[in-house]
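J.: Fold the following.
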Amino acid sequence: MKFPWEAQLPAVPIEDTVAALQRDFAYAVQMTAVRVHSNDPELATTANVPRGEIVPRGVCKFTNGVTVEFHDIGMPQIDVPAMTMHELVAHIWATALVKGLEIVP
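T.: Numbers count the residues shown, from 1 in each chain. Alright, predicted model coming up:
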């Protein structure tokens with residue numbers, strides 16, 4: 001029995017591997033991921049956003065006890081949408097409005 005890492009894979013030119021790593025790191029240098037934590041699953045999400053954008057701090061409280069908090073997790077994530085911080089906040093706000101939620105002062 002062979003372990004998965006012992007399988008004979010086709011040889012990949014080192015130049016292709018280096019080019020792929022360069023693309024991945026160039027993206028990681030430019031982008032970060034922001035995770036939106038919420039006790040409402042419809043508002044919880046993650047998006048890759050450009051580094052350097054201001055991430056809102058603190059907990060936002062909505063009616064019905066719904067909360068939202070943004071966290072920069074430091075590394076872009078696989079299979080999540082890329083958007084600006086403005087687009088991410090607008091998406092959360094639009095979802096809250098559709099649900100009939102209002103910000104509690």
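J.: just the helices in the protein please.
T.: In the chain, the segments counted as helices under DSSP state H are 14-30, 85-98.
J.: Go through the ones you listed and pick out the most buried.
T.: Ranked by mean neighbour count under mean count of other CB atoms under 10 Å, the helices of the chain are led by helix 85-98, which reaches a mean of 15. (Each C-beta comes from the backbone N, C-alpha and C, glycine too.)
J.: distance between the longest strand belonging to the chain and the chain's centre?
T.: Among the elements of the chain assigned as strand by DSSP state E, the one spanning the most residues is strand 31-38. Counting by CA atoms, centre = their mean, to the nearest Å, strand 31-38 is centred 4 Å from the centre of its parent chain.
J.: tally of neighbours for the nearest residue to residue 103 once chain neighbours are set aside?
T.: Beyond its immediate neighbours in the sequence, the residue positioned closest to residue 103 (CB to CB, 6 or more residues apart in numbering) is residue 62, lying 5.9 Å away. By the measure other CB atoms under 10 Å, the count of residues near residue 62 is 19.
J.: and residue 62, what does it touch?
T.: With contacts defined as CB atoms under 8 Å, 6 or more residues apart in numbering, the neighbours of residue 62 are 68, 96, 101, 102, 103, 104.
J.: Help me confirm that the fifth one comes into contact with residue 61.
T.: Yes. In terms of CB atoms under 8 Å, residue 103 counts as a neighbour of residue 61; the distance is 7.1 Å.
J.: Could you check how far the residue sitting nearest the centre point of the chain is from residue 82?
T.: Centrality entry for the chain: nearest residue to the mean C-alpha point is residue 47, 2.8 Å, by CA atoms, centre = their mean. Plainly put, residue 47 is 7 Å away from residue 82 if you go by CB to CB, to the nearest Å.
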